[in-house]
Every structure is written in structure tokens, then in C-alpha cells.
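Chemist: Sequence first, then the predicted structure, then my questions.
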Amino acid sequence: MSDSEKASDLDDGTDSARAEEEKAATSGTVDDAASEPDRKAPDERENITTNAEKDDARKIVTGEARYTADYRDRFPDLAHGKVVRSDIAHGHVESVDTSAAEALEGVDAVITPFDDVVPDKLYSSSGQSYPEPSPWDLTVLREHVRFVGDPVAAVVAEDPETADRAARKVDIEYRELDAVFDPEEAFDEDAPQLFEANEVENKQSGADYSRNLESHFEGEIGDVDAAFENAGDRDNARVIETTWETPYQSHCVPEPHTTIAYTDEDDRHVFITSTQVPFHTRRQIAHLFDVPIRDVRVTKPRIGAGFGSKQEMAIEPIAFALHLAAGRPVKLEMTRREEFTALRFRHPMRMRMKTAVTDDGDIEAMDLDTLSNSGAYGTHGMTVANNVGTKPLPLYPRVPNVRFSGDVVHTNLPMGAAMRGYGAPQGHFAVESHMDEVARRLDLDPIEFRLQNAVREGDLDRSVAILKDGDRFTRKIRSCGIRECVRRGKEAIGYDDLEQPEADHLHRGVGMALIAQGSGVAGKELGAAQVKMNEDGSFHLQVGGVDTGTGADTMFSQIAAEVLGCPPEDVVVIAADTDLTPFDYGAYASSTTYISGRAVKNAAEDAKERLLEWGAKLLDEPPEVLDTGDGRVYSRETGNRASLEEIGYEATYGDDQREHILGDGNHSTDESPPPYGAQFVDVTVNEETGEYDLNKLVFAADCGVAINPALVEGQIEGGEHMSLEYATSGGLSFDDDGNPDVLGFRQYGMPRTTDHPEMETILVETHEPTGPFGAKSIAELPTNGVPPALSNAIRDAVGVRLTELPFTADDVKAALDEQAGGER
């Protein structure tokens, strides 16, 4: 490419001939969303794109915030549960002796898989839409255990100490079976089989449990094999293949899974629980215990983070069974050891990436294959593996031949499940490290090579729907600031002016990765909200969306206030209580701002119509010339105005007409617009020891219009921390019998504050016409970038490629030694 052509790739190019041709070609393929009324110039914004203080920030830092466990003081007769877990990796429970435990003073009950209060139904714990796209392969307590940590029995007692002592006295005898821990070995015909045919319902596509295969999937655009064959026959093209591997990762939630279960005076079953999915949990509990949905109430208090781990009905059924057995309220709280050994984790993956590319850098074919270790059960197994390809491959929607395939395999290790990024961190590591390696082998600048092939506004993205039938979910890219992210990220990291250390054994390099995610699950989301006006001009906003500590409630109040024309503090948010708030799928898939926020906006606009009608009555002007702002309804023609308080009192107590001003809003869509980002890593590598120092992280993000920039920056920096952990230090290991080596933070090795390099966050504003006020998602995007960018930075610094996470000094030194040996 010429210098002028390279320069043009840093421009979004929407006025170029090529971009205009692409827009013309794609127009009408996907319905455009009419949304100009949603666009506000910066000087017209009152409450969005402002750093409103997170509504619970002061309560959290002062210790006044109340989490699930803090509600114990409401129940003077509260009992405490403890789970008894399998200490073998695979086998059947032959007998459970509970007599010694039951003999302890203060023990209310001990439950086992054989007790009447414990359902023997199969279900999925995944908090997903109905019917769950995960197999039903769990029971509340397990007679057939499949990993060290499987719940077999549970104890309820008057205090936690007694429950713990009683749990240790439960004696379980097993008929032990052979176990398998490697996903490739699990395919073997002679491998131990984890499930019999009658132990799974709602099986997924491609399942073959005789081979421990939970799911197989594949999709193709064009003819990939023909493209590879053609490239192999030409002098100006190459076929390049790489392999990549990622480990388990723990969510490391500050607040462990906790549930309080009780039955109220109306014989309705109530759960105060740390969950991301209250309405899914209500439905699943009702199904599992054969009670009407109307008789189940799930309420979410403040959550000490979820990161996907609480998109699971992981402990609520056990807590409820203990409550039924004890006949009084029960609190079940996981220990830190249980969080690290028995709950939920990021799926380990092995991936192969293959590309056909010309010497000039045009990509002709891409082929990505993944092997996912689902662990002992299938919650989120197929859907996470699907995202390994359908999140990063759309970064390059112009590639004419694309294939994506995968297998999801069971082993006798803990369950993988939903985790922030949901398959995209694994996929970006493979795709973006591979792209960097391809560029270097072609002697092309890695950034220019990417931008030559990368997504632009107006592109039609077919690869996002590569595993779907038909073109319903083919996606038109209506907003894309990826080139501006790259331009500003390059400048911030000093990409073109990197200074090398004076010492000969130290080498500095910069790596970059393009990043994409989604905004909700296309065609599988629903959010709802209601606005109620008080007579003093304030509002109550009832919304089913779940704030998991991200500041969603603050964001909701800003969106509502922007429409209603009041300050955000005049909007009281009541959220995530299945008795009090409208339905919402929950906090996952980066859907809260895009789906739930749009529902809030719709509800506020519905209420605004009534505000304008009452304003018209007070001002004696037609509603068409009126608008809201600065706590008033005002006329755009005359400047006359009436305060919201005046309207509230008139509507509530008027002489000739009265109305409670309300607004309802729903939102569901087939859209899932991607936010984009560019992750940069600056590293210095010691070639003598393999040790490396991270000098700086830069993340430039396009999340559309940032409703609250400070909260967006917080999400980015938190996501980068999780991504840094994945790249450098996190991971779980097991001994030859499947026993976990990592029992807590001490062994896990999460980066500390002192380990963190400087971080710089850059927000690039675009306008997404389908999002509320132009917003897209942000929460998961920054979890995807550090592993590939760091691999690329080390390659840039010392010329060796690391392909397996996490990266240690020993890994770098071994790669350098291998390189030196090869050169000799």
C-alpha cells in the first residue's frame, strides 16, 4: 500500500468512493432505525454525557451499603446452611450417613439427593431465556458426581459454626469411576463417559454424550477450502496457521454467592439473593419445585459484582430445599474456597486459526476452530463457544470466505459458565494474535494490515450470524469509530516514537489488538420499565434491569431525567424485584444500557407525552410546541413555562380533571450493535531472564454516546484489570485426581495494585442510531484486549510468540532459548 492509502485507513472513510459504494450495496439489506430525534448535540444535553455521581458510591465506601448477607438481621429465627461436596472426581453415591450430623445440638436438618424436599428434576442453572440454550443436566444435589466439589448433601443449623461442624460429620460412600481431565482425551472411544442418555434433557446441536460431546457447531460463508487451495497454488499468496490455548479463570467476585430463602405470611416463597437474573431465577425455581410463578418472589439487593458468575441459579435451589426442610428462613453463603473450587469459571479453550492472505495483505479466507472444555456440566457451554468466533471475526466483515467451527466437551473438572466477555476474550486472543503474526510474517505493519481489512461504518456483517439459519441477524454497521480509536491510541502509547532502553539485554515493544463485542443478544432480549410522577414533580422509575455494581441505576436515572427534563436526583430508581418491577432478562451480554436503558427511555417518553398535555392545559398552548427541560415544561415559541411541580399538583389535585401521570416502556430487538476498541500494551522484556515489565496500557473505546463518562472509564479500567489477570497471572490448576490446587486468592495470583502499569482511557464518541441517545455497550469490551496485545508486544520486543495463557517469565525465556537454538 502507498503511504497515502495507509493514511486513509486511519480515516473512517465515509466520504470515500469505496465507502459510498459499500453503503449503497448494503442499504436496505437490514432495516435502518429512524433515530435522528435520538441524537442530541453536546450543548443540548442536560443529564447525559455528564459524570453524575454513582448513587451508591458513598454508601459503599462508608460501609452503609447492604448486601444479601446483611439482611440477616430481618430474621431473628434465621438458620444457616452448609453444602457437603464430593471429594472424588467421578462416581456414584452409594450411601449417605447423616446420623452423626443430625445428632449435633442446633442442627435442624440434613438433606441428600434421596430426600423428598430435594427435586430430582433435571434443569440448567444458566440464567438464560426460555427455553434455555443450555442442556438440562443438573440436579439440585448429585447422586452421580462428576467433579471434586459437586454438591451431594447440605446441612442447616442454628449458626454457621454448627452447620460447618455438622457438614464435616456427613459420611458419604461412593462407587468411584474413572475420570477424564483433558478435553481431547475425552473424545476417545475408551474415555470414561460422564452422562448416560437419560441424564440429559434439552440436548444441544451436535451432542454425542457417548463421546462426552455437549455440542458441535459449524458455519461457513463462501468456500473456505477452495480459497485455501487457490492461495496455496499462487506465488503472491500464503496460508498461515497458528494455535492458541487459554486456561480457566475465576470471577473473583468480592461478594460470594449468597441467598436468603423464606416463606412469607401469604405462603409465597421469597428469595433475597445476589443474582444478575431475578426473573430467570423466579421462572426456574417455579419449574424445579412445581410452584406457580406468582408464588415466587426474587429480589436483588446491592450486589458485590457478578461478572457473569451470578448469571446462574447456582445456590438458590439448595437454599430453598434447606428452608423447606428446616421450616424457617435459611441463609446459604459460599466460602471463598467454594468460589475458587466449586462454583463457576471461564471456559478453557484450545483454538486453531488459519488464514489465506496475499502478499499485499488482502485476506481471502479465515478459518477458526475451537475446542472448549465445558467441565462437568453444560451450563453456557455451547453459547460461550459460539462467541469465540462471532465476536472477533466480525472485525473483518469483508473477508469473502469465513468458516467457524467448534466442539464443546465434558471433563471431570469444574463447570465453565458465563464470565465477562463470554467467549470473546478467548476468541480475540486467537484472532488478534494471529493477525499480528500474519502481518509480521508478511513484513507488513501490524496495525496497517488490520485496518486494511477492518470493519467500517456501512459494512454488512454476515459473520456475526455465521451459525444462524437465514439472514435475520445479519448486521449492518451503523456506527464505527475503530479507526479513530487506533489513531488516538497510537498517539497515546507513542507507537511511532518508541525509545529503546540503554541496556543491551532490555528490549521494548508495543502491541495492539482491535476489539469488538455486542450490545445484548440479538433477538433474545426484553427490557421493561415504568415511570410514575409524584405531585412535587419528582418521579419513581421501576425497572427490571439489574445493577451489579456497575452504576446502572445511576445511568437509568440520567436517561429518564434527560427525557423528563428534571435533574437525575429527582428520579428514584426501584430495580430488580420480581414483585415490584417490570420484566427484564437481567444483567448479561452487555445489555443493560442498550436494552434496559432503551426501555427506560421509552417509558420516560410515554410519561413525557402526558407532561406535555398537562403543560398545554396550564400554558394554553398546543403540546406540539412544548418540550421539557430544567425542571419545567416550556414553549419553544413563546418561552412560557410551567414547573414540573405545578404540573404534578394540577394533575393530581385539579378541579375538573385528574390523572396519575405514568409511563410504560418496553424494548426488544434483533439488533446488537458492536462497540469497538483498540488495546495497546507497552512492554519491556529482559532477554536474559524472560521477565517483562508492563510500562503502560492504553484503551481507546467507541461505545457510542457515553451516558456517564466516569462510569464508562471505570468499566474500562476494571475490565482491563481482569484482562491483565487473564494474560499474566490468573488460572486454575488441578492434580492428577482432579483436586484443585487453587483454594483462594493467595494461590490464584490476581495482580495487585503495585503490579499495575499506568492506564490511559480514551473515549471516542460515535452515534449508534438504535441505542438510547446513541449509546452502545461497554462493560465486556475491555476484557478482550490485553492477552493478544501483550502477546503482540512481546513479539515486537524480542521476536518470540507466546501462544498459551498466562504468560510467565519462564515462558518468555523458554521461547527465547528455543529461538536461539533454532538460529544456531
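Modeler: Okay, I see it. Numbering: from 1, shown residues only.
Chemist: Assign a three-state SS to D120, would you?
Modeler: Here D120 is coil, with the state taken from DSSP: H, G, I helix; E, B strand; the rest coil.
Chemist: residues in contact with it?
Modeler: Each residue near D120 by Cβ atoms under 8 Å, 6 or more residues apart in numbering is listed here: P113, T139. The way it works is simple: take the backbone N, C-alpha and C, and place the C-beta from them, glycine included.
Chemist: any idea how far F307 is from it?
Modeler: Taking Cβ to Cβ, to the nearest Å as the measure, D120 and F307 are separated by 31 Å.
Chemist: and if you look at D606?
Modeler: D606 sits 33 Å away from F307, taking Cβ to Cβ as the criterion.
Chemist: same deal with L395?
Modeler: Counting by Cβ to Cβ, the gap from L395 to F307 is 24 Å.
Chemist: now swap in R483 and tell me
Modeler: From R483 to F307 the distance is 30 Å (Cβ to Cβ).
Chemist: These two: which has the busier surroundings?
Modeler: Neighbour totals were compared for R483 and F307, and F307 leads with 26 against 23 (other Cβ atoms under 10 Å).
Chemist: was I right about the more buried one contacting E725?
Modeler: No. With contact defined as Cβ atoms under 8 Å, F307 and E725 do not form a contacting pair (11.4 Å).
Chemist: what sits in contact with each of these two?
Modeler: Taking Cβ under 8 Å, 6+ apart as the contact rule, F307 and E725 both touch C252.
Chemist: G631 contacts F539, correct?
Modeler: No. With contact defined as Cβ under 8 Å, G631 and F539 do not form a contacting pair (11.7 Å).
Chemist: What backbone torsions are found at H410?
Modeler: Dihedral angles phi and psi of H410 (degrees, to the nearest 10) take the values phi -90, psi 140.
Chemist: That one pairs with what?
Modeler: With DSSP bridges as the criterion, the beta-bridge partners of H410 are G375.
Chemist: Near it, how many other residues are there?
Modeler: Burial measure for H410: 29 neighbouring residues, criterion other Cβ under 10 Å.
Chemist: got the contact list for Y209?
Modeler: The neighbourhood of Y209, defined by Cβ under 8 Å, 6+ apart, consists of Q193, L194, F195, E196, A197, V200, K203, H410.
Chemist: do A706 as well
Modeler: For A706, the contact set (Cβ under 8 Å, 6+ apart) comprises T49, V712, L763, E765, A775, I778.
Chemist: looking at this, it is in a strand?
Modeler: No. When the secondary structure is assigned by three-state DSSP, A706 falls in coil instead of a strand.
Chemist: Name the residues that touch stretch 494-509?
Modeler: Residues beyond stretch 494-509 that count as contacts (Cβ under 8 Å, 6+ apart) turn out to be 447, 489-490, 510, 512, 680, 682-688, 695, 793-798.
Chemist: What number of residues are in the vicinity of Y653?
Modeler: Residue neighbour count, defined by other Cβ under 10 Å, stands at 9 for Y653.
Chemist: thought it was touching E646?
Modeler: No. If you go by Cβ under 8 Å, Y653 and E646 don't touch, sitting 11.3 Å apart.
Chemist: how close does M382 sit to R746?
Modeler: With distances taken as Cβ to Cβ, M382 is found 34 Å from R746.
Chemist: Between these two, which has more neighbouring residues?
Modeler: Neighbours around M382 and R746, counted as other Cβ under 10 Å, are more numerous at M382. The numbers are 23 against 7.
Chemist: Report the contact partners of the more buried one.
Modeler: Taking Cβ under 8 Å, 6+ apart as the contact definition, M382 lies against P133, S134, Q204, S205, E214, S215, F217, V408.
Chemist: I'd like the C-alpha coordinates of the one helix or strand it maps to written as PDB, please.
Modeler: In the assignment (DSSP states H and E), M382 maps to helix 381-390. Listed next in PDB are the C-alpha coordinates belonging to helix 381-390 (Å, rounded to 0.1, in the frame of the first residue of the first chain):
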ATOM      1  CA  GLY A 381     -21.200 -24.300  27.100                       C
ATOM      2  CA  MET A 382     -22.400 -24.000  23.600                       C
ATOM      3  CA  THR A 383     -23.300 -20.300  23.700                       C
ATOM      4  CA  VAL A 384     -19.900 -19.300  25.100                       C
ATOM      5  CA  ALA A 385     -18.100 -21.300  22.500                       C
ATOM      6  CA  ASN A 386     -20.300 -19.700  19.800                       C
ATOM      7  CA  ASN A 387     -19.000 -16.300  20.800                       C
ATOM      8  CA  VAL A 388     -15.400 -17.300  20.400                       C
ATOM      9  CA  GLY A 389     -15.900 -16.700  16.700                       C
ATOM     10  CA  THR A 390     -19.000 -14.500  16.400                       C
END
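Chemist: change the start of the numbering to 55 and stick with it
Modeler: Taking 55 as the first residue, the last one we looked at is helix 435-444.
Chemist: list the buried ones in it?
Modeler: Applying a neighbour-count criterion of 16 or more other Cβ atoms under 10 Å, one finds G435, M436, T437, V438, A439, N440, N441, V442, G443, T444 buried in helix 435-444.
Chemist: Stretch 689-701 too?
Modeler: Residues of stretch 689-701 classed as buried by neighbour count (16+ other Cβ under 10 Å): S689, N694, R695, A696, S697, L698, E699, E700, I701.
Chemist: so where do the helices sit in the stretch 505-654 of the chain?
Modeler: Counting by DSSP state H, counting those that start in this stretch, residue ranges of the helices within the stretch 505-654 of the chain are 536-547, 606-618, 651-673.
Chemist: Packing partners of the second one?
Modeler: Applying 3 or more Cβ pairs under 8 Å, 6 or more residues apart in numbering; DSSP states H and E, one finds that helix 606-618 makes contact with strand 581-587, strand 593-597, strand 625-629, helix 651-673.
Chemist: Repeat the analysis, applying 6 Å as the threshold.
Modeler: With contacts defined as 3 or more Cβ pairs under 6 Å, 6 or more residues apart in numbering; DSSP states H and E, helix 606-618 has these neighbours: strand 625-629, helix 651-673.
Chemist: Can you list the strands that the first one pairs with?
Modeler: Put plainly, it is strand 625-629. The pairing partners recorded for strand 625-629 under DSSP bridges are strand 593-597 (parallel).
Chemist: circling back to that earlier point, of G685 and F593, who's got more company?
Modeler: Each of G685 and F593 has its neighbours counted (other Cβ under 10 Å); F593 has more, 25 against 18.
Chemist: dump the residue contacts of that one.
Modeler: For F593, the contact set (Cβ atoms under 6 Å, 6 or more residues apart in numbering) comprises V585, M587, V625.
Chemist: Closest to I369 out of those?
Modeler: Nearest to I369, judged by Cβ to Cβ, of those is V625 at 33.3 Å.
Chemist: Just the pLDDT at the closest one, thanks.
Modeler: Model confidence at V625, expressed as pLDDT, equals 98.
Chemist: Just the endpoints, please. Distance across stretch 153-170?
Modeler: 18 Å (Cα to Cα, to the nearest Å).
Chemist: any idea of the mean pLDDT for that stretch?
Modeler: The predicted model gives stretch 153-170 an average pLDDT of 98.
Chemist: Toward the C-terminus, what is the element adjacent to the lowest-mean-pLDDT helix or strand in the chain?
Modeler: Using mean pLDDT, DSSP states H and E, helix 71-80 stands out as the lowest-scoring helix or strand of the chain, at a mean of 38. Reading on from helix 71-80 to the C-terminus, the next helix or strand found by DSSP H and E is helix 111-116.
Chemist: what's next to whichever helix or strand comes after that following helix, contact-wise?
Modeler: Tracing the chain past helix 111-116, the next element assigned as helix or strand by DSSP H and E is strand 133-139. Outside strand 133-139, the residues within contact range by Cβ under 6 Å, 6+ apart are 162, 203, 205-210, 213-214, 217-218, 221, 224, 376, 380, 382, 384-386, 396.
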